[in-house]
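Participant: sequence plus the predicted model coming up.
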Amino acid sequence: MNTINNRKVLILGSTGFLGSALVKFAPKENELWLAYKDKQIKVGDFKLIKIDLSAYQSLKENLNKIKPDTIIHAARVNPDDENPRRAKEAMKQLVKPIKRIGARLIYISSDAVFDGTKGNYMEGDKTNPTTDYGRAKLAAETVIKKNLENFIIIRTSYIYGKGATSWDKRTAQLLNLVSQGKVVYRFKDMYRSPIKVVDLAKAIWRLIEKDFNGVVHVAGKRKNIYKFNKELIKGIGMDSNLIKPDSSVDKNLNIAPDTSLNTSLFFKIIKQL
């Protein structure tokens, strides 16, 4: 597979947690367009464009104007993120101009498309989301698969780390509690595949360089959430003894127990020339 350089790349969600990391690690040879919805934020010398994913006519006009080679969809589209019907409709409207201009879509999906009954999920495993968020992600995936040929759906897991300006919301909340000396309980029977935001951003750019189309899992190693949080706090240099184990059993919570992801396909792709 050959590396394709000098792309015109549009990032949807460029000011978000993952989007900011994507901007930071973008290859220099690319022409980068950063989409914003409400507040315009100047970042370097990159081109800015106002795009509202719910304003379909304006969306079509802007994509026709830019004609990007690659579109990275890392945006949260509230309230569509937890509304399968609206997520499906929004993606239908997005893929129309994408197909017309022949762009490649990189869509950031989630391990929430799985029910968590077995863990170590591979790309071809049966999806069965248990939350509206997971169902919305799966609805968007389905539209992409049915309407586009040139796409990458990247399923990822527990994204964490320090972004451009701050920690992710989960970690920030955890640090706040620990800094106050409060005991924090985390589930020892809930497994995910945590990945640092910088590692995910770099992985996405590496995938874009490859001639690959389809679904791929990009995530870290399988860990239970208790162990992950304890190690995280210890690594930062704070008191990890404040992190205590808890169990989700008999709590009647709608939590998928193990949505860890198998990433062997990703490593196979990036090793190809």
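Facilitator: Received the coordinates, thanks.
Participant: lowest-pLDDT helix or strand in the chain?
Facilitator: Here the helix or strand of the chain ranked lowest by mean pLDDT, DSSP states H and E is strand 47-50, holding a mean of 88.
Participant: who touches the next helix or strand after it?
Facilitator: Per DSSP states H and E, the first helix or strand lying C-terminal to strand 47-50 is helix 56-66. Applying CB atoms under 8 Å, 6 or more residues apart in numbering, the contact partners of helix 56-66 are 8, 10, 33, 49-53, 71, 93-94, 96-98, 100-101, 103. Using the backbone N, CA and C atoms, a C-beta is placed for each residue, glycine as well.
Participant: output helix 56-66 as PDB, nothing but the C-alphas.
Facilitator: Output in PDB follows, covering the C-alpha atoms of helix 56-66 (Å, rounded to 0.1, in the frame of the first residue of the first chain):
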ATOM      1  CA  TYR A  56     -28.100  20.300   5.700                       C
ATOM      2  CA  GLN A  57     -28.200  22.800   2.900                       C
ATOM      3  CA  SER A  58     -25.300  24.800   4.300                       C
ATOM      4  CA  LEU A  59     -23.400  21.600   5.000                       C
ATOM      5  CA  LYS A  60     -23.800  20.600   1.300                       C
ATOM      6  CA  GLU A  61     -22.700  24.000   0.100                       C
ATOM      7  CA  ASN A  62     -19.600  24.100   2.300                       C
ATOM      8  CA  LEU A  63     -18.400  20.600   1.300                       C
ATOM      9  CA  ASN A  64     -18.900  21.500  -2.400                       C
ATOM     10  CA  LYS A  65     -16.900  24.600  -1.800                       C
ATOM     11  CA  ILE A  66     -14.000  23.000  -0.100                       C
END
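Participant: list the buried ones in it?
Facilitator: By neighbour count with 16 or more other CB atoms under 10 Å, helix 56-66 contains the buried residues Tyr56, Leu59, Lys60, Asn62, Leu63, Ile66.
Participant: and stretch 253-273, by the same measure?
Facilitator: Quick answer for stretch 253-273 (16+ other CB under 10 Å): Ala256, Pro257, Asp258, Thr259, Ser260, Leu261, Asn262, Thr263, Leu265, Phe266, Ile269, Ile270.
Participant: now that stretch: mean pLDDT?
Facilitator: Averaged over stretch 253-273, pLDDT sits at 93.
Participant: please apply the same query to stretch 77-91.
Facilitator: For stretch 77-91, the mean pLDDT works out to 89.
Participant: just to revisit the earlier point, give the ChimeraX command for selecting the buried subset of the contacts of helix 56-66.
Facilitator: Selecting only the buried entries of the contacts of helix 56-66 in ChimeraX, with 16+ other CB under 10 Å as the criterion:
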select :8,10,33,49,51,53,71,93,94,97,98,103
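Participant: sec struct for the residue positioned nearest the centre of the chain, please.
Facilitator: In the chain, the residue lying closest to the centroid (CA atoms, centre = their mean) is Ile108, at 4.1 Å. Per DSSP: H, G, I helix; E, B strand; the rest coil, the secondary structure class of Ile108 is strand.
Participant: ok, the nearest residue in space to it that is not next to it in sequence to Asn229 distance?
Facilitator: Spatial nearest neighbour of Ile108, chain neighbours left out: Ala74 (5.0 Å); criterion: CB to CB, 6 or more residues apart in numbering. Ala74 sits 25 Å away from Asn229, taking CB to CB, to the nearest Å as the criterion.
Participant: farthest pair within the buried residues of stretch 253-273?
Facilitator: With CB to CB as the measure, no two of these lie farther apart than Pro257 and Ile270, at 29.6 Å.
Participant: in CSV, list the C-alpha atoms belonging to stretch 23-30.
Facilitator: C-alpha atoms of stretch 23-30 as CSV (Å, rounded to 0.1, in the frame of the first residue of the first chain):
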residue,chain,number,x,y,z
VAL,A,23,-4.9,19.2,14.7
LYS,A,24,-1.7,19.0,16.8
PHE,A,25,-0.4,15.9,15.2
ALA,A,26,-1.6,16.6,11.6
PRO,A,27,1.1,15.8,9.0
LYS,A,28,2.6,19.1,7.8
GLU,A,29,2.1,18.3,4.1
ASN,A,30,-1.7,18.3,4.4
